[in-house]
Every structure is written in C-alpha cells, then in structure tokens.
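Asks: Attaching a predicted model along with its sequence, questions to come.
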Amino acid sequence: MKPLARPDSPRLVLCFDFDGTLHDPAAVPPVVDELFVCLQRLREERGAVWGINTGRAMNHVVEGLVESHFPFSPDWVVAREREIWYPNAVGRWVPDEGWNRQCEKDHRKFFKKIAKLLKRIRAEVEEHTGATWVEHDGDPAGLVSRTEEEMEWIVRRVVEMAADEPLLGWQRNSVYLRFGHRQYHKGSSLRKVAEGLGLGPAECFAIGDSHNDFEMLSPDAAGQVACPGNSVPEVRAHVASVGGYVCDLTHSRACVEAMEHFFPVAGGGADRG
C-alpha cells in the first residue's frame, strides 16, 4: 500500500483521528469509499496531503488500514498521539528520527523525575477505584477504568494531585488514559508535520471525536476543525466554541461531510452550514 502521488507544492494538511472518527468497526465497510474519492479530489484541487493522528501504536495503525481495505495509505501518521511516521518509496513506514528520538528522550527523563508523583497517583486510584494501572514499553504509565464515570473521577483527582507539575499531561479516550509529557500530543505533532511542509495552522484541517483530540482541534494546531456526530459532548461543545463544524453524520461519512463543508467542489458554490 502506497500513498497517492505527492503534490509538487502541498497547500493543505488534512488530519483525521482513526477510531471513532475515520473508522467504525461495526459498519460495513468500516470506512466509506466516498472518503477516498474526496481525498483524491482535494489532492487534485488543493494540493492536499492527509494523515491519521491516533492513540494507536504504529503496528495497530497498519492493521487498521489493511482491515479497512484502504486503497492508498496516508501521507503521514502520528501514532500514540506523539510519534511521527512517513511511508518511504516502497510503502514501508519509517520514523521521523529527529522528532521521535527527542520525544522518547524527553519522556524518559520526565518519567524519571515524576516517579514519586505517579506512584502516589497509582496508590490513590487503586485504593478508591477498580481501574487497572498499565505499564509497558514506550508507555510507562496509564490507566484503564471500568466505566466512563470512574474515569471522570480519576481525571478530577489527577488534576488535583498534579497541580504542582505543569509538564504532566495525559491523553484520554473513553476509559483509557495515557500519561505523558505535556509538550507532546496530537496538536504539537500535527504542527510538526505541517511545519515540515512549510505550512501553518491556517492550512490545516482536523477532525476528531474524543478527549485525546482536544489539542489537535485547537486553533493553534488547525484553522478548520470538525467533529463527527458521534463525538463526546465535551468535544462537540469545544468545536462549536472555536467556530468549527459539528457534523450531523458519524464516522467516515462525517469526515466527508466536514471536508465538503470546508472545501466544496471547485465551482460548486458556497460552503454549507
């Protein structure tokens, strides 16, 4: 699987969350064909490049692309909300060595610094909830709660306990939470991708449905933002508050709806909505 032919001068960056936004595992197909038609149109009309910005690890991104029968690959991927990957000439995914190496170095140093704080947070969570603490290579601290309500309590408590540590960040998607360095998230990663193309937030579009999408749905990351109709209420409210587009449709159909809203067919009249 390879990306579309690269535009000579990219003028637009399209950024999609994967699970819950592009991909619907309950649907057949999980990603509608209209999405790929729209991406090809925007490549031709606006010099668009596109990518996936997800909490999935890179190997799971590849699995999702294959399972969903993508006819072509993204131009870039942000995996685990912070690692940047690009396809090479034969379609193999290679890391952005400079960015990913610095990201790993900063995380390793930071987690060593806050080890005692994380230990206190873990003790608090395990004493008062049934959430499971998760540790593995690349993600030394995270949580899986039993319910959304339990995760809400955990987040409020973490905010209180981490008040004196401004660089502690976390990415939440439903009942999953990953701790990390606050400078690395979907928003900063999207900005890095755009900068590599000589573009800024004004030339970026982003769409996402959950809490870990807030940073890439911020005006300092993307000038055009949207969320599908199946988004969590907090994301819907945020997108509306920054003048973005809240879709009526869900998942990949919403992605098409949003792109047609912001980037209508050339000569097709004014934007909808």
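Replies: Sure, I can see it.

Asks: So for residue 188, what's the nearest residue that isn't a sequence neighbour?
Replies: residue 215 (7.1 Å; Cβ to Cβ, 6 or more residues apart in numbering). C-beta: built from backbone N, CA, C; applies to glycine.

Asks: State whether the one you found and residue 184 are indeed in contact, as I suppose.
Replies: No. Checked against Cβ atoms under 8 Å, the pair residue 215 and residue 184 is beyond contact range at 9.8 Å.

Asks: Count the neighbours of the residue nearest to residue 188 for me.
Replies: 24 (other Cβ atoms under 10 Å).

Asks: separation between it and residue 192?
Replies: 12 Å (Cβ to Cβ, to the nearest Å).

Asks: Please apply the same query to residue 232.
Replies: In terms of Cβ to Cβ, residue 232 sits 26 Å off from residue 192.

Asks: which other helices and strands contact the helix ranked longest in the chain?
Replies: Ranked by residue count and defined by DSSP state H, the top helix of the chain is helix 97-113. Applying 3 or more Cβ pairs under 8 Å, 6 or more residues apart in numbering; DSSP states H and E, we find helix 97-113 packed against strand 83-87, strand 139-144, strand 176-181.

Asks: so what's residue 157 closest to, chain neighbours aside?
Replies: residue 124 (6.1 Å).

Asks: and that neighbour, what element?
Replies: Under the criterion of DSSP states H and E, residue 124 resides in helix 115-128.

Asks: Strand 139-144 and that helix, what's the angle between them?
Replies: 20 degrees (axes from the mean of the first three to the mean of the last three Cα atoms, to 10 degrees).

Asks: Mind giving me the packing neighbours of the helix or strand following helix 115-128?
Replies: Downstream of helix 115-128, the first helix or strand assigned by DSSP H and E is strand 132-136. Strand 132-136 sits against helix 115-128, strand 139-144, with contacts defined as 3+ Cβ pairs under 8 Å, 6+ apart.

Asks: Quick one: the ones you listed as JSON lines, columns for distance to residue 22 too.
Replies: What follows is those, written out as JSON lines (distance: least, Cβ to Cβ, whole Å):
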{"stretch": "helix 115-128", "distance to residue 22": "31"}
{"stretch": "strand 139-144", "distance to residue 22": "22"}
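
Asks: C-alpha coordinates for stretch 44-61, CSV please?
Replies: Taking Å, rounded to 0.1, in the frame of the first residue of the first chain, the C-alpha atoms of stretch 44-61 are listed here in CSV:
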residue,chain,number,x,y,z
GLU,A,44,-6.0,17.4,-7.3
GLU,A,45,-7.8,20.7,-6.5
ARG,A,46,-6.0,21.9,-3.4
GLY,A,47,-2.7,20.1,-3.2
ALA,A,48,-3.8,18.3,0.0
VAL,A,49,-1.8,15.8,2.0
TRP,A,50,-3.5,13.7,4.6
GLY,A,51,-2.7,11.7,7.7
ILE,A,52,-4.0,9.8,10.6
ASN,A,53,-3.5,11.1,14.2
THR,A,54,-4.2,8.4,16.7
GLY,A,55,-3.6,6.8,20.0
ARG,A,56,-2.9,3.5,18.3
ALA,A,57,0.7,2.2,18.1
MET,A,58,2.1,2.1,14.6
ASN,A,59,1.7,-1.6,14.1
HIS,A,60,-2.0,-1.3,15.0
VAL,A,61,-2.4,1.6,12.6
